[in-house]
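Visitor: My questions are about this predicted structure, shown below with the sequence.
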Amino acid sequence: MTEINLDKSSVRELNEKLQGGSAGDKFSINNTVGKHALSVGLTTDVDVEINGHVGYYCAGMNQKANIVINGNAGPGLAENMMSGEVRVTGNASQYAAATAHGGLLVIEGDSSSRCGISMKGVNIVVGGNIGHMSAFMAQSGCLVVCGDAGDALGDSIYEAKLYVRGKVKSLGTDCIEKEMRDEHKKELQQLLSQSKMSHGVEEFRRYGSARKLYNFDIDQVDDY
Amino acid sequence: MSKDNPTLIESATFPRHVIAEIQRAAKTGIYDIRGFGAKRDIPTFDDLVFLGASTSRYPLEGYREKCTTEVVLGNRFAKNPIHLKTPITIAGMSFGSLSAQAKESLGRGATIAGTSTTTGDGGMTPEERGHSKTLVYQYLPSRYGMNPDDLRKADAIEIVLGQGAKPGGGGMLLGQKISPRVAQMRNLPEGIDQRSACRHPDWTGPDDLEIKIQELREITNWEKPIYVKVGATRVFYDVTLAVKAGADVVVVDGMQGGTAATQDVFIEHVGIPTLPAVRMAVEALQEMDMHRKVQLIVSGGIRSGADVAKALALGADAVSIGTAALIALGDQSPEFDDEYKAIGSAAGFWDDYQAGNDPAGITTQDPELAKRLDPILGGRRLANYINVLTLELQTLARACGKSHVHNLEPEDMVALTMEAAAMAGVPLAGTDWIPGKGGI
């Protein structure tokens, strides 16, 4: 285990070390004090444990690495992640996993607005609630919410799947409730197990695209 | 007044093209979506002329005395700044809006001419990377095809905040052009009318942009120059904020800048012309003492070496061409006039880039049409065109006595109209008067 203390090392030195890590290497990061762009651009399956709160874009564009944040995360957590796993034990701010293409993001607490905005294949599991406009223009992947969802969930959604256990304050344009078939229950069960959440799949409802906005239709003009 | 019947008077308020648009809107129920750029008559670089050297200054001999054109972009923070032989670069245009052959042609042409080309919405194709010696990777609001591996393969990164054809708007790619390959790259269903986001999904202002730039630098080992591109609107403030956020290069795109597809109302009614945009950008850089430290690239309606020379004389470090580059490849060619007529247009007028049925095979995803463009020939044509612009630029710079094109300055020019004098900040010809700045 390599320990890096951000009281003594710069963000540049930290990222250089992590980006240069080999598969199986383990790192422990301390004294983060909300610094930005920590543990970004990793490309190998290293294990990174971050102890403390982090600022913007922690774990940005992650590939293969397994990153655990013991604290809260600022905006843009795991933005554009491609693969690997990122877990935050506290809450996450806005735009978690924005545009992310793959991998798994687990937020044990709440996630603020626009969680999963423009997601492109990532799987996101939130233990608590999510804020408004989450999964806006979500293209693919799954967003699992164990708590409640805020206003305008899934507005202008494409092919992403949304599973919500609690209440949905409102659905966004072109987002509708859909039947929970066996393949969805299986997929959800797998994501809950992988993220170590203990809820039963029957407690969740599924939401997705009505696909009415895919091509311009003058009769849908009120939705534009 | 009709040519055939002098008693028929056409309305200035409702001329035929306005009437046709009302009729089209009433018939279809959708706004006009098109490509190309602004078609309205606005002040341009044509409204400026150079004051060639004579008694008070001496010119340089054409072809004998050197007038160099090299430019370095991005040496503020990046470890590996871009070195180009000519200050004429190729603007961002997407695979999706353009065929793979067209993108390859742009890469080939730029490489022969010693300049850079730029990706676009939808990501980087291997063909484009393979044929482009210097490739700028656009980082756009949609993040379609955005991939950290491609980010690291790029020579520079351009964060796109806006585009001159549609400042405040996102891209469009209509269903006809969402081919299986385009859909796969963008992670979207085939055949949908795709609208790109108009603002970035993970920040909301200039303070956040500074952190985003830090993240991109951290991911790319601080090697790549970071450009910030804005559509020309509140240019002084936008350039100031981009520099404050840490940009190495600022790109300002005037309202004449082209697009593959957007609403006509956007193209013609949002943004300001390139002419005042250059001056405003330079003033912002000068006020921060960052002129020539942060480089300025100007685009939007650049057609000739004269346009390039005038942009540089106003203080730009380089220019970008988009529409003109497509014309050099073969867009609007009379060779296809019959086919333009068959789709209701004509060579020189065609602007339905969004439709995917481009007779020249450039703005299409139709494999049969795309075959019409030979990337090797297209690349050669583009290189020839860039070389001509560079020679014209040198000709004008030498006439003004300059041994490097960056030595051109506003003092070398006057304006032919009051509007151009006010916008460019150079005197009206025959006077010392710059409207808004005093003088006689």
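Guide: Received it, and whenever you're ready, just let me know what you need.
Visitor: Identify each buried residue in the top helix by length along chain B, please.
Guide: Looking across chain B with DSSP state H, the single longest helix is helix B:375-399. With burial defined by 16 or more other CB atoms under 10 Å in any protein chain shown, the residues of helix B:375-399 counted as buried are B:375, B:378-383, B:385-387, B:389-390, B:392-394, B:396-399. (Glycine included, C-beta is placed from N, CA and C.)
Visitor: A:F27 is in what secondary structure piece?
Guide: Secondary structure from DSSP states H and E places A:F27 in strand A:26-30.
Visitor: So what's the gap between that strand and the chain middle?
Guide: Distance of strand A:26-30 from the chain centroid (CA atoms, centre = their mean, to the nearest Å) equals 22 Å.
Visitor: Check stretch B:82-93 too.
Guide: 11 Å.
Visitor: Extract the CA atoms of it and return them as CSV.
Guide: Extracted C-alpha coordinates of stretch B:82-93, given in CSV (Å, rounded to 0.1, in the frame of the first residue of the first chain):
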residue,chain,number,x,y,z
ILE,B,82,1.6,23.3,-31.6
HIS,B,83,4.0,24.4,-34.3
LEU,B,84,2.4,25.2,-37.7
LYS,B,85,3.9,26.4,-41.0
THR,B,86,1.0,28.6,-41.8
PRO,B,87,-1.5,30.5,-39.6
ILE,B,88,-4.4,29.0,-41.5
THR,B,89,-6.0,26.1,-39.7
ILE,B,90,-9.0,23.8,-40.4
ALA,B,91,-12.0,24.4,-38.1
GLY,B,92,-13.8,21.6,-36.2
MET,B,93,-16.3,19.7,-38.3
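Visitor: for the longest helix seen in chain A, packing partners?
Guide: In chain A, assigned by DSSP H, the helix with the most residues is helix A:182-194. Here helix A:182-194 touches strand A:120-126, strand A:140-145, strand A:161-164, going by 3 or more CB pairs under 8 Å, 6 or more residues apart in numbering or on different chains; DSSP states H and E.
Visitor: Distance of A:Y163 relative to A:H101?
Guide: In this view, A:Y163 and A:H101 are 20 Å apart by CB to CB, to the nearest Å.
Visitor: likewise B:G92?
Guide: From B:G92 to A:H101 the distance is 21 Å (CB to CB).
Visitor: cool, B:Y227 as well?
Guide: In terms of CB to CB, B:Y227 sits 24 Å off from A:H101.
Visitor: Compare the two (neighbour count), which wins?
Guide: Counted by other CB atoms under 10 Å in any protein chain shown, B:Y227 and A:H101 do not tie: B:Y227 has more neighbours, with 28 against 24.
Visitor: helix or strand for the more buried one, which one?
Guide: With DSSP H and E as the test, B:Y227 turns up in strand B:226-231.
Visitor: One more: B:A20?
Guide: Short version, using DSSP H and E: B:A20 is in helix B:16-28.
Visitor: That helix: what's the following helix or strand?
Guide: Counting by DSSP H and E, what follows helix B:16-28 is strand B:33-36.
Visitor: Quick check: residues of the stretch 301-440 of chain B near chain A?
Guide: With the criterion set to CB under 8 Å from any CB of the partner chain, the stretch 301-440 of chain B never comes near chain A.
Visitor: all strands for the stretch 301-440 of chain B, in order.
Guide: Applying DSSP state E, counting those that start in this stretch to the stretch 301-440 of chain B gives strands spanning B:318-321, B:413-415.
Visitor: quick one: the helices in the stretch 1-150 of chain B?
Guide: Assigned by DSSP state H, counting those that start in this stretch, the helices in the stretch 1-150 of chain B fall at B:16-28, B:100-113, B:126-131, B:148-153.
Visitor: gap between B:A247 and A:G102?
Guide: Per CB to CB, B:A247 is found 30 Å from A:G102.
Visitor: Mind checking which of the two has more residues around it?
Guide: Legend: neighbour count by other CB under 10 Å for B:A247 and A:G102, higher for B:A247 (28 against 17).
Visitor: For the closest residue in space to the more buried one that isn't next to it in sequence, give the beta-bridge partners.
Guide: Closest residue to B:A247 apart from its sequence neighbours, by CB to CB, 6 or more residues apart in numbering or on different chains: B:V228 at 4.1 Å. Per DSSP bridges, the residues bridged to B:V228 are B:I159, B:V250.
Visitor: B:V228 contacts B:D253, correct?
Guide: No - if you go by CB atoms under 8 Å, B:V228 and B:D253 don't touch, sitting 11.4 Å apart.
Visitor: higher neighbour count, the two?
Guide: B:D253 (31 against 28).
Visitor: what number of residues lie near the closest residue to the more buried one other than its chain neighbours?
Guide: Once flanking residues are discounted, B:D253 sits nearest to B:G164: 3.4 Å by CB to CB, 6+ apart. B:G164 is flanked by 34 other residues according to other CB under 10 Å.
Visitor: cool, B:W203 as well?
Guide: So B:W203, with other CB under 10 Å, has 22 neighbours.
Visitor: For it, which residues are in contact?
Guide: Counting by CB atoms under 8 Å, 6 or more residues apart in numbering or on different chains, B:W203 makes contact with A:56, A:75-76, B:209, B:211-212.
Visitor: If we use 7 Å, what do you get?
Guide: Listed by CB atoms under 7 Å, 6 or more residues apart in numbering or on different chains, the contact partners of B:W203 are B:209, B:212.
Visitor: Kindly list the main-chain dihedrals of it?
Guide: B:W203 adopts backbone torsions of phi -160, psi 160, taken as degrees, to the nearest 10.
Visitor: And it, what's its pLDDT?
Guide: For B:W203, the pLDDT comes out at 95.
Visitor: show me where pLDDT drops low in chain B?
Guide: Low-confidence segments of chain B, defined by pLDDT under 70: B:1-3, B:438-440.
Visitor: Nearest residue to the middle of it?
Guide: B:S299 (3.9 Å; CA atoms, centre = their mean).
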